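Visitor: The following block contains a protein sequence and its predicted model.
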Amino acid sequence: MERQFFDFSKAFSDPALARSLVQAIERECAEPLTFMEVCGTHTVAIFRSGIHSILPETVVHLSGPGCPVCVTHEQEVELFLQIAARPDAIVATFGDLMRVPGMQGQSLKTAQAEGARVEVVYAPFDALDLARANPDKQVVFLGVGFETTAPAIAATMQMAKAQGLGNFLVLSMHKLVPPALKALLDDDSARVDAFMLPGHVSLVLGLAPYQFIARDYGIPAVVAGFEPLDILAALLTLARQRNAIRQGAAAEIINDYPRAVSEHGNPKARAVMDEVFTVVDARWRGLGVIPQSGLAIAEAYADQDAMRVLGLTMPEPRTLPGCKCGDVLKGKIRPDQCPLFKKACTPANPVGPCMVSTEGSCAAYYKYHAEV
Amino acid sequence: MTASSRLLLDAGSGGQASHRLVADLFLKHFDNPVLAVMDDAARLHLSGPVAMSTDGFIVDPIIFPGGNIGSLAVHGTVNDVAMLGARPRYLTAGFILEEGLDMAVLETIVAAMGQAARDAGVQIVAGDTKVAPKGALDKIFITTTGIGEILVDPAPSGHRARPGDAVLLSGTMGDHGLAILSTRQGLAFETPIVSDCASLNGLVESLITTLPDVHTLRDPTRGGLATTLNEIASQSGVVVEVEEEAIPVHPAVAAGCSFLGLDPLYLANEGKLLCIVPEADAEHALALLRAHPLGGNAARIGTIQEPQGKTRAGQVLLRTPLGGRRLLGMLEGEQLPRIC
């Protein structure tokens, strides 16, 4: 007998409930509220569900630096290409890195067309199978992402170590969300009234790493789920928070996603990350070097560190002329305010990473935003 | 059958080995009087305007849940011919085979082609076989060309969608694309995802013989529903507006897509059609689709509109369950699973 599914997405996109939430947001937002969603999955959910087209005009929506592909620096892409060019290497990667352009416009896709062995995997563990099946090659997994993906990649490295797999390497370009938020808040030109925090990152971190946002900057933030009603409910929470702050209350970090996120996050996942990785300064595309915002591979796992084993060095940075991805990521401009948007920069020929990733704000804006 | 269980280069030589392959495999499974004559070309009987289409098939894996590259090569071309409001009559088939191909696998594929052709009421009347050295291609490529008699005048076309027309769909979206992708990646979902690959000519004939003024028929194959709707919007110079909630998607496909970060509206279908009819015919057309075994999940998904306000001809708009409107653009490149 065919298994019946309960369709959660329908339950979380009830139109009547959505309408009443939008009306409530409108009532609470007498003055404009500029909110930034940090996470690319939220960006896409907001555009895909059409939330951007039903929000009151007083609510201004900005996309933040939370798309892992968008903040992958062009130097890092150059490293990917260097690895792909090695005849002794197989690159294992998540699919959305395939089309990210490097400094000369090449990508893993173009490298593949030129004969590089690049394999798209759905989970880091799949790369272990590749390593087992190709003992004469170095299988290099491209470790890109935030606190969401880092624990699974760390666990994969632990497993490779336990199994004595000698040809499984990781290029760790992981980045951490809270330091990026701090850098954003320290940039005077970026003006954000409130943050919508990513549910999946928070699932690992809990609430504590975000408390500085409210405590030191007086800005409220809410951890939100990814269904349309999650997002609308989180916006209502933010609007109410801001009104309470106006009347003298202290800013808070609120968990609006308790069905998935607990206050203390997932200590086991953090422990796995802490064992395998070590916190270092990292260069973010568009944002520059942010102190203590990246994860390098710890000494104990040096034999799985692609940087060390393959003797790689980070190439010199160069900037893409005209590309305003940095200003988009900081919420300074909307994607359509970039001079390249829809002209030199399109999904078919992306100049900047915000256009190439499906979760990038420029790609979402290009793909979903209709002036109707 | 050849004594070897693997295909040898000899089978493409044009000599005895080639003849054995044709006689033992292709003639056996495609058996029909036109092919049996074995002249250089097939002698056909057609009358009136004809529809003709050709398509190449490369698919990995070559055998997948719900079909294989052989059945797909028949369904795909039968459907393309049928979308002109035609009755497909004859197919030709070209095979490019990799040396070393397992003969049992080849026979499974050829048998499936024969069966699919018989089911669709078409004859495979000519063909060609080439064998390429091992490594020159991946196992098997098939090209089919189809020809059929157009049954209505004017024939349905992507240029004939008119403002006010109803947009109908014969069933769920994304089944084939996700079945292929999940098999290729070795992803086992709790509910197996099966390709919808099927010949739609019976469904088309039941529709157009009753309602000859069908404006557009199109099977949303690669690029999925979204890409097909964009093609029609551009060809006809109209705006297409569809309701997201009205678009049928099998719950297991929706769940699998959500898990992988894919959109079912961009995944390929191989046994579904999109149908655009005048508003006055919409209910009748929907009833005809639903009455057919391949149209049980048929639904009305939207309406054709004039460009107005800031909308432009060629745009496809999706009304979301929340009441928002957004663009439903064409697929750029291939869909790839995301990081998080």
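Guide: Sure thing, it's come through.
Visitor: what's the burial count for residue 227?
Guide: Using chain A here. Residues near A:Glu227, counting by other C-beta atoms under 10 Å in any protein chain shown, number 19. Using the backbone N, CA and C atoms, a C-beta is placed for each residue, glycine as well.
Visitor: other chain: chain B
Guide: As a burial measure, B:Thr227 scores 21 neighbours (other C-beta under 10 Å).
Visitor: Might you report the residue contacts of it?
Guide: For B:Thr227, the set of contacting residues under the criterion of C-beta atoms under 8 Å, 6 or more residues apart in numbering or on different chains consists of B:220, B:266, B:330-331.
Visitor: what's the answer for B:Pro49, then?
Guide: Each residue near B:Pro49 by C-beta under 8 Å, 6+ apart is listed here: B:149-150, B:153, B:155.
Visitor: And the furthest pair within the contacts of B:Thr227?
Guide: The largest separation in the contacts of B:Thr227, counting by C-beta to C-beta, is between B:Pro220 and B:Met330 at 12.1 Å.
Visitor: From A:Ile51, how far out is whichever residue of the stretch 201-340 of chain B sits closest to chain A?
Guide: Nearest residue of the stretch 201-340 of chain B to chain A, counting by C-beta to the nearest C-beta: B:Gly324, 1.9 Å away. Between B:Gly324 and A:Ile51 the distance is 6 Å, computed by C-beta to C-beta, to the nearest Å.
Visitor: go on, B:Gly48?
Guide: B:Gly48 sits 52 Å away from A:Ile51, taking C-beta to C-beta as the criterion.
Visitor: higher neighbour count, the two?
Guide: Residue environment comparison for B:Gly48 versus A:Ile51 gives the larger neighbour count to A:Ile51, 24 against 9, counting by other C-beta under 10 Å.
Visitor: Now the longest strand along chain A: buried residues?
Guide: When secondary structure is assigned using DSSP state E, the longest strand within chain A turns out to be strand A:288-297. Of the residues in strand A:288-297, those buried by neighbour count under the rule 16 or more other C-beta atoms under 10 Å in any protein chain shown are A:290, A:293-297.
Visitor: Could you dump the contacts of B:Thr227 into JSON lines and include neighbour count, secondary structure and pLDDT?
Guide: Shown next, in JSON lines, are those (neighbours: other C-beta atoms under 10 Å in any protein chain shown; DSSP: H, G, I helix; E, B strand; the rest coil; pLDDT from 0 to 100):
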{"residue": "B:Pro220", "neighbour count": "25", "secondary structure": "coil", "pLDDT": "97"}
{"residue": "B:Tyr266", "neighbour count": "24", "secondary structure": "helix", "pLDDT": "95"}
{"residue": "B:Met330", "neighbour count": "20", "secondary structure": "coil", "pLDDT": "88"}
{"residue": "B:Leu331", "neighbour count": "17", "secondary structure": "coil", "pLDDT": "79"}
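Visitor: is it fair to say A:Met36 lies in a helix?
Guide: No. The secondary structure assignment for A:Met36 gives strand rather than a helix, going by DSSP: H, G, I helix; E, B strand; the rest coil.
Visitor: thought it was touching A:Phe195?
Guide: Yes. Counting by C-beta atoms under 8 Å, A:Met36 sits close enough to A:Phe195 to count as a contact (5.6 Å).
Visitor: what are the phi and psi values for residue 33?
Guide: You didn't pick a chain, so chain A it is. For A:Leu33, the backbone dihedrals (degrees, to the nearest 10) come out as phi -120, psi 110.
Visitor: how near is it to chain B?
Guide: Taking C-beta to the nearest C-beta, to the nearest Å as the measure, A:Leu33 falls 19 Å from chain B.
Visitor: Could you report the neighbour count for that residue?
Guide: Counted by other C-beta under 10 Å, the residues lying close to A:Leu33 total 22.
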